[in-house]
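Asks: The amino acid sequence is not available; the structure is as follows:
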């Protein structure tokens, strides 16, 4: 089942990201999928999923979010008599850790976006420089061929 492009990954879903036209890599919300989830995706026929590039910007990769059949673990309720001070300390530490992890992920995503924009601008500058140097080379080659007369 295909989902919308650039939709945030949710539990029970993986993103299949196009690396090039021949190969796909399965990612989960937490990074590259473990081997078990990759096998599930392949067994579900996702290994043959066509990976398309964006039509607006061919340099950008499209992401497809697909169900892999993995369901989130069921929550096991804790009896009130078992919820002592240690339990609440553990929950507080876990909640803080989850918050830090989410913040770190957002920061990495922002930094990656900034880096991608910078590299795209650098690439455009370098391509412009290449075209300029090729034009200069063509002028010099014509001058050598034509006996010193520079023609454009």
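Replies: Structure's in. What do you need? Because the structure is a prediction, the values reported are computed rather than measured.

Asks: Using the record, which stretches count as separate domains in the chain?
Replies: The record's domain split for the chain, according to automatic domain parsing, is 1-73, 77-152.

Asks: For those, which has the smallest mean pLDDT value?
Replies: For the domains of the chain, mean pLDDT drops lowest on domain 1-73, to a mean of 48.

Asks: Start from the N-terminal end of this structure and give the strands.
Replies: Applying DSSP state E to the chain gives strands spanning 13-18, 24-28, 31-32, 63-67.

Asks: Near residue 109, how many residues? Count them for me, please.
Replies: 10 (other C-beta atoms under 10 Å). All C-beta spots, glycine's among them, are computed from the backbone N, C-alpha and C.

Asks: Oh, that last question was meant for residue 105, not what I typed.
Replies: Neighbours of residue 105 (other C-beta under 10 Å): 13.

Asks: how close does it get to residue 74?
Replies: 25 Å (C-beta to C-beta, to the nearest Å).

Asks: What of residue 132?
Replies: In terms of C-beta to C-beta, residue 132 sits 63 Å off from residue 74.

Asks: which of the two has more neighbours?
Replies: residue 132 (10 against 6).

Asks: Quick one: list the elements packing against the longest helix seen in the chain.
Replies: For the chain, the helix with the greatest residue count under DSSP state H is helix 85-145. Helix 85-145 sits against no helix or strand, with contacts defined as 3 or more C-beta pairs under 8 Å, 6 or more residues apart in numbering; DSSP states H and E.

Asks: contacting residues for residue 123?
Replies: Residues near residue 123 by C-beta atoms under 8 Å, 6 or more residues apart in numbering: none.
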